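Chemist: next comes the sequence, and after it the predicted model I'd like to discuss.
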Amino acid sequence: MENAEQKRIKNLSTKSRINDIQSKNQYLELKLKDTVEKINLINILKIQKEIISNLKNTNNNTIKIINLENSSIKITLEGSIEELQLLEELIKSGKLTQICDKTIEDIQLIQDEATQAKLQETIETKNKLIQEIRSKKIERRNLERVNLKLSDLTGVFFQKANLNNANLSLTNLTEANLSEANLIEINLSGGILEEANLQNSDLSRANLTLTNLTLANLINTNFTRGNLEKANLYAADLENANLNGTNLNHVNLEKANLINANFCCADLEDANLEDADLEKTDFTEANLSRANLKKTNSICTNFCGADLDEADLEDADLEKANFRDANLNKTNFSGANLIDAIFDYADVHDAKFSDNEGISEELKQNLKRRGAILIDNN
């Protein structure tokens, strides 16, 4: 049997362990009904902000999303025990059923000490690495296969770094310097790279789905066979960039500089290129079906063999553009400049032409015979 002193020591030990647990941040898993393909860092920050706004009665706001599983929106939250227990109570009582219009499916406090310890170790290791990265401006840093998912790396220096196969998904890299870096097969999906410098970097086979690259410097960057589906490259500079065979479905390239860029065999279905500079850009055999190319500067642009089915080139400057062998079925050329444009062997069935500068009477008749629709607004 335990004597009084042993009981006192045991009680002190138990209280100490409880106090230690309460003083440290705890972890909670929250599952929302949606598909992970729709989530980027901006959505994650909105979810985090809304969770915090529902915890007004707590003394502090330490809630932070530290992980997102790939299979669904299953997020891991870090915070004080007080905050997480209050959140659990709000959800289980039915007072909180949605976050950012996404239905809450499940919530579970992580109470297993081994799991908690592993999470804590992972976070501490990552934070230590980020601190070291920020404190030392080192060229050619080797970070191959590193996992810095959901990190704040704003303005970091990664020039000539090796980030081959690294995971930087859902990471904030605003104004970061990644020029001349090895980013082959890197995962940057859902991240923010506004005004980042990636000039001369290699992003071949990289994952940049839903990534924000607004105003980014992407001059001479290699995106060969990469995935930029639904990425935002508004006003980005991609002069001389290589996007051969790249997936650019639903991408936003409005006002982007694409001079002399290579889009051979790229998939730009439903892409937005309005007001972009496409001078001497190569779209050979690219898929531009339903793409928006309104008001583009497409002087000397190569569209040979490209699929522009239902694409919109209204008011585009297409002087000396080459559409040889292209699919122009239902393509809109209204108001476009067609001086010296080439349409040899192109399928122009139901393509719409009106108010076009540079279209000769001979070309008009030729296009009409091949099934084009010519509207005379005079």
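Modeler: Right, received. Where do you want to start?
Chemist: the longest helix along the chain packs against which elements?
Modeler: Scanning the chain for the longest helix, with DSSP state H as the assignment, gives helix 113-135. In terms of contacts (3 or more CB pairs under 8 Å, 6 or more residues apart in numbering; DSSP states H and E), helix 113-135 is packed against strand 26-32, strand 73-79. For every residue, glycine as well, the C-beta is placed using N, CA and C.
Chemist: what's the angle from the helix or strand following the last one to strand 73-79?
Modeler: Elements were assigned by DSSP states H and E; along the chain past strand 73-79, the next helix or strand is helix 81-92. Orientation of helix 81-92 against strand 73-79 (axes from the mean of the first three to the mean of the last three CA atoms, to 10 degrees) gives an angle of 140 degrees.
Chemist: tell me which residues in helix 81-92 are buried?
Modeler: Neighbour-count burial for helix 81-92 flags 82-84, 86-88, 90-91 (criterion: 16 or more other CB atoms under 10 Å).
Chemist: show me what contacts the closest residue in space to Ile133 that isn't next to it in sequence?
Modeler: Leaving aside its chain neighbours, Ile133 sits nearest to Val156 (5.8 Å; criterion: CB to CB, 6 or more residues apart in numbering). Val156 sits next to 133-134, 173, 176-177 when contact means CB atoms under 8 Å, 6 or more residues apart in numbering.
Chemist: next, format those as JSON lines and append distance to Ala316, pLDDT and neighbour count.
Modeler: Shown next, in JSON lines, are the contacts of Val156 (distance: CB to CB, whole Å; pLDDT from 0 to 100; neighbours: other CB atoms under 10 Å):
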{"residue": "Ile133", "distance to Ala316": "44", "pLDDT": "94", "neighbour count": "20"}
{"residue": "Arg134", "distance to Ala316": "45", "pLDDT": "92", "neighbour count": "14"}
{"residue": "Leu173", "distance to Ala316": "33", "pLDDT": "98", "neighbour count": "29"}
{"residue": "Ala176", "distance to Ala316": "34", "pLDDT": "97", "neighbour count": "26"}
{"residue": "Asn177", "distance to Ala316": "35", "pLDDT": "97", "neighbour count": "20"}
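Chemist: and these, which is closest to Asp34?
Modeler: Nearest to Asp34 among these is Leu173, at 24.6 Å by CB to CB.
Chemist: relative to Gly155, how far out is that closest one?
Modeler: 9 Å (CB to CB, to the nearest Å).
Chemist: again, but for Thr174
Modeler: Taking CB to CB, one finds Thr174 at 7 Å from Gly155.
Chemist: what about these two, which has more around it?
Modeler: Neighbours were counted for Thr174 and for Gly155 using other CB atoms under 10 Å; Thr174 has more, 19 against 14.
Chemist: who's in contact with the more buried one?
Modeler: Applying CB under 8 Å, 6+ apart, the residues contacting Thr174 are 154-155, 192-196.
Chemist: go again using 10 Å as the cut-off
Modeler: Going by CB atoms under 10 Å, 6 or more residues apart in numbering, Thr174 touches 152-156, 191-196, 212, 214, 216.
Chemist: for it, give me the pLDDT.
Modeler: pLDDT recorded at Thr174 is 98.
Chemist: excluding chain neighbours, what is closest to the residue nearest the centre of the chain?
Modeler: Geometric centre of the chain, nearest residue: Thr211, 1.3 Å, by CA atoms, centre = their mean. Nearest residue to Thr211 in three dimensions, chain neighbours excluded: Ala231, at 4.7 Å (CB to CB, 6+ apart).
Chemist: to what extent is the one you found buried, counted in neighbours?
Modeler: Per other CB under 10 Å, the neighbour tally for Ala231 reads 28.
Chemist: the one 5 residues further on now?
Modeler: By other CB under 10 Å, 29 other residues sit near Ala236.
Chemist: how near is it to Leu253?
Modeler: For Ala236, the distance to Leu253 - CB to CB - is 7 Å.
Chemist: distance between the longest helix of the chain and the chain's centre?
Modeler: 25 Å (CA atoms, centre = their mean, to the nearest Å).
Chemist: cool, stretch 233-252 as well?
Modeler: 12 Å.
Chemist: hey, what's the residue lying closest to Ile138 once chain neighbours are set aside bridged with?
Modeler: Leaving aside its sequence neighbours, Ile138 sits nearest to Phe157 (CB to CB, 6+ apart; 7.6 Å). Residues in a beta bridge with Phe157, per DSSP bridges, are Asn177.
Chemist: quick one: common contacting residues for Ala236 and Leu253?
Modeler: Both Ala236 and Leu253 are contacted by 213, 276, under the criterion CB under 10 Å, 6+ apart.
Chemist: right, and Asn297 touches Leu258 too?
Modeler: Yes. Using CB atoms under 10 Å, Asn297 makes contact with Leu258 at a distance of 9.5 Å.
Chemist: the two: which is more packed in?
Modeler: Between Asn297 and Leu258, Leu258 has the larger neighbour count (other CB under 10 Å), namely 30 against 20.
Chemist: OK, contacts around the more buried one?
Modeler: By CB under 10 Å, 6+ apart, Leu258 lies in contact with 218, 233, 236-241, 243, 273, 276-283, 296-298, 301.
Chemist: what about the longest strand in this protein?
Modeler: The longest strand of the chain (DSSP state E) is strand 102-110.
Chemist: residues near Asp101, how many?
Modeler: Count around Asp101 with other CB under 10 Å applied: 8.
Chemist: list the contacts of it.
Modeler: 32, 34, 50.
Chemist: any idea what the second one is structurally, helix, strand or coil?
Modeler: This means Asp34. Under DSSP: H, G, I helix; E, B strand; the rest coil, the three-state class of Asp34 is coil.
Chemist: cheers, nothing more for now.
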